[in-house]
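[1] pasting the structure only:
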Ligand SMILES: [Zn+2]
């Protein structure tokens, strides 16, 4: 029997951990570990099934939505999100000219940015059916970051990653790669992840659970400085900050970021925030889950 390597923190790299929680997601047991050095909660990359490219090419959307084709609900949510992200960029006086969306799905964010900003658009999407849908919108698409990097590509003045970072087996390395190989020196990275202090977060394909602290730390570690940071529930909730987002710029000149600053009491903060979520949902049910 081959043994599974010990869990290694996806944020700080430490192997000091303890089992935090085991859940069942889509019929698979999924274990999360708590890093005893920095407080990050993550899946053991060596044991998760949600790390292979093949998983995202065909299985991921099927598991999540019973269909490989984008659903109507999916498209509606994506359009609302895309408009909200465009508003966030405008509020921060940023109008991109050349956008790369990593995890572009069927291309709705790019389509929206093309209309809102007149931007040139390129996408990366491993899911075959979604990528085909984006290509139909006349968007240049690639199936992986590696495929794009192999081409003679230009740099981008905006790279977006909407609900992608939490899926990556090597999130720090990928953020660095984006900064070094894809982003223009005066460009920006726009990203959003589920907020561990409001969103369930535990799902088969979520390898990392980000808090506001750890999202800031991973950006700093990968060589970015944050221009704008927000917590919000749009378009799903008026009361719960389900998502955390950041607009970040590459630090120039590049310098050694040092070690991860630990976050204390993450399990306790999770318990208290989920308790708060229960209370607020009870008090304001309609505002808490819009369209539910
Ligand atoms: Zn750690």
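    Yep, that arrived. Because the structure is predicted, anything quoted here is derived from the model rather than measured.

[2] Could you report the neighbour count for the residue in the stretch 51-200 of the chain that the ion sits nearest to?
    Proximity to the ion, evaluated over the stretch 51-200 of the chain using C-beta to the ion, is greatest for residue 172 at 10.7 Å. The C-beta positions use only the backbone N, C-alpha and C, and glycine is treated the same way. Residue 172: 21 surrounding residues under other C-beta atoms under 10 Å.

[3] For it, what is the enclosing helix or strand?
    Using DSSP states H and E, residue 172 sits within helix 171-181.

[4] try residue 230
    Assigned by DSSP H and E, residue 230 falls in strand 224-232.

[5] And that strand, what does it pack against?
    With contacts taken as 3 or more C-beta pairs under 8 Å, 6 or more residues apart in numbering; DSSP states H and E, strand 224-232 sits against helix 72-91, helix 212-221, strand 243-250.

[6] Just give me the lowest mean pLDDT stretch among those.
    Confidence, taken as mean pLDDT, is least for helix 72-91 of those (a mean of 89).

[7] How about residues contacting it?
    Helix 72-91 has contacts (C-beta atoms under 8 Å, 6 or more residues apart in numbering) with 65, 95-96, 105-106, 108-109, 111-113, 116-117, 158, 160, 162, 190, 192, 228, 230, 232, 234-236, 245, 247.

[8] Among those residues, name the ones in strands.
    Residues of the contacts of helix 72-91 located in strands (DSSP state E): 158, 160, 162, 190, 192, 228, 230, 232, 245, 247.

[9] Turn the residues you listed into JSON lines, columns for distance to residue 80.
    JSON lines is the format used below for the ones in strands among the contacts of helix 72-91 (distance: C-beta to C-beta, whole Å):
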{"residue": "158", "distance to residue 80": "20"}
{"residue": "160", "distance to residue 80": "16"}
{"residue": "162", "distance to residue 80": "12"}
{"residue": "190", "distance to residue 80": "16"}
{"residue": "192", "distance to residue 80": "13"}
{"residue": "228", "distance to residue 80": "20"}
{"residue": "230", "distance to residue 80": "16"}
{"residue": "232", "distance to residue 80": "12"}
{"residue": "245", "distance to residue 80": "14"}
{"residue": "247", "distance to residue 80": "19"}
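
[10] could I get those as CSV with distance to residue 150 and neighbour count?
    Shown next, in CSV, are these (distance: C-beta to C-beta, whole Å; neighbours: other C-beta atoms under 10 Å):
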residue, distance to residue 150, neighbour count
158, 22, 24
160, 21, 26
162, 24, 21
190, 24, 25
192, 27, 24
228, 33, 16
230, 35, 16
232, 36, 19
245, 30, 20
247, 28, 22
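
[11] which of the residues you listed sit farthest apart?
    The largest distance within the ones in strands among the contacts of helix 72-91, taken as C-beta to C-beta, falls between 158 and 232 and amounts to 19.4 Å.

[12] Would you enumerate the residues in contact with the nearest residue to residue 82 once chain neighbours are set aside?
    Nearest residue to residue 82, sequence neighbours excluded (C-beta to C-beta, 6 or more residues apart in numbering): residue 112, at 3.7 Å. Contact analysis of residue 112 by C-beta under 8 Å, 6+ apart lists 79, 82, 83, 85, 86.

[13] Now that we have those, which of them are buried?
    Burial by neighbour count, judged by 16 or more other C-beta atoms under 10 Å, picks out 82, 83, 85, 86 from those.

[14] and residue 186, helix, strand or coil?
    Of the three states, residue 186 takes strand under DSSP: H, G, I helix; E, B strand; the rest coil.

[15] Please verify my assumption that it contacts residue 156.
    No. Counting by C-beta atoms under 8 Å, residue 186 sits too far from residue 156 to count as a contact (11.2 Å).
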